[in-house]
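> can you look at this prediction? I've put the sequence above it.
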Amino acid sequence: GAGVSQSPSNKVTEKGKDVELRCDPISGHTALYWYRQSLGQGLEFLIYFQGNSAPDKSGLPSDRFSAERTGGSVSTLTIQRTQQEDSAVYLCASSLRREPGANVLTFGAGSRLTVL
Amino acid sequence: QKEVEQNSGPLSVPEGAIASLNCTYSDRGSQSFFWYRQYSGKSPELIMSIYSNGDKEDGRFTAQLNKASQYVSLLIRDSQPSDSATYLCAVKNSGAGSYQLTFGKGTKLSVIP
């Protein structure tokens, strides 16, 4: 597509419920990132996918968080048993892995998660 | 732990003035640096990238890099109210995890008409 598409744009859930957030990257972009942005905070790296390589999950804050990327395109971030501290904007970004433009990230509009 | 530090602001400048935004980083091996602009309630958008020491100009924006001092800055000339946003400094990690960007918390800029 023309840009990075994320859904839902807003999600309100009750504590303890599971949520799924979806990201459709720019066509042809092999690298996909998930970041989290809490109120007044910077962007916190969560997970990175590059092609068919094993993802870098080093930023996932707990085992309640998981993500997958099917067919090297669409990615889903799943948060199980949500807690109030999970409330944040979850941003997906994609990029072409090429020099000198490597790591030029294009962000989606984000999914705002509110856990009551 | 790789860190990127920015003054959170708010930085207030009058319309037409030069806004100067600063950033320091801890990863001495970093080679690529980026400035993203984030309007309230919106996602970050790339406005400048810089890879070499010195200045890089693009329209009203100038990025400055000093790797020896581990310092990056962004100058906005002839500031406009539409420039009011949070500016995020991002640094490409060196070594392991070099595909990651580490972001600062951002500096909020307010341009007063």
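Nice, I can see it. Residues are numbered from 1 along each chain as shown, chains lettered A, B, ... in the order given.

> distance of the residue in chain B sticking out farthest from the centre relative to A:Pro61?
Largest separation from the mean C-alpha position in chain B: B:Ala96, at 23.4 Å (C-alpha atoms, centre = their mean). Going from B:Ala96 to A:Pro61 by C-beta to C-beta, to the nearest Å gives 19 Å. To be clear about C-beta, it is placed using only N, CA and C from the backbone, and glycine gets the same treatment.

> list the contacts of the closest residue to B:Asn93 other than its chain neighbours.
Leaving aside its chain neighbours, B:Asn93 sits nearest to B:Gln100 (4.7 Å; criterion: C-beta to C-beta, 6 or more residues apart in numbering or on different chains). Residues counted as contacts of B:Gln100 (C-beta atoms under 8 Å, 6 or more residues apart in numbering or on different chains) are A:Tyr33, A:Phe45, A:Tyr48, A:Asp56, B:Lys92, B:Asn93.

> still on that earlier bit, for the residue farthest from the centre of chain B, helix, strand, or coil?
Applying DSSP: H, G, I helix; E, B strand; the rest coil to B:Ala96 yields a three-state assignment of coil.

> pLDDT value on it, please?
Per-residue pLDDT puts B:Ala96 at 72.

> ok, the one 3 residues further on next?
For B:Tyr99, the pLDDT comes out at 76.

> that one reaches A:Phe45, doesn't it?
No: contact criterion C-beta atoms under 8 Å: B:Tyr99 and A:Phe45 do not qualify, at 10.1 Å.

> who has more neighbours out of these two?
Per other C-beta atoms under 10 Å in any protein chain shown, whichever of B:Tyr99 and A:Phe45 has more neighbours is A:Phe45, with 20 against 17.

> and the helix or strand of chain B with the lowest mean pLDDT, which strands flank it?
Each helix and strand of chain B was given a mean pLDDT (mean pLDDT, DSSP states H and E); the minimum falls on strand B:101-103 at a mean of 90. With DSSP bridges as the test, strand B:101-103 is paired with strand B:85-92 (antiparallel).

> can you pick the most crowded of the contacts of B:Gln100?
Neighbour-wise, these (other C-beta under 10 Å) top out at A:Tyr33, 28 neighbours.

> any idea how far B:Pro14 is from that one?
37 Å.

> average model confidence for stretch B:13-20?
Stretch B:13-20 comes out at a mean pLDDT of 97.

> and for it, what are the contacting residues?
Contacts for stretch B:13-20 (C-beta under 8 Å, 6+ apart): B:11, B:73-81, B:83, B:109-113.

> what's the farthest-apart pair in these?
B:Ser73 and B:Pro113 (24.6 Å; C-beta to C-beta).

> more neighbours, the two?
B:Ser73 (18 against 8).

> what's near enough to touch residue 83?
Going with chain A. A:Lys15, A:Arg64, A:Val115.

> not quite, go with chain B.
With the criterion set at C-beta under 8 Å, 6+ apart, B:Asp83 makes contact with B:Ala19, B:Ile76, B:Leu109, B:Val111.

> farthest-separated two in the contacts of B:Gln100?
Checking the contacts of B:Gln100 with C-beta to C-beta, the most distant pair is A:Asp56 and B:Lys92, at 14.3 Å.
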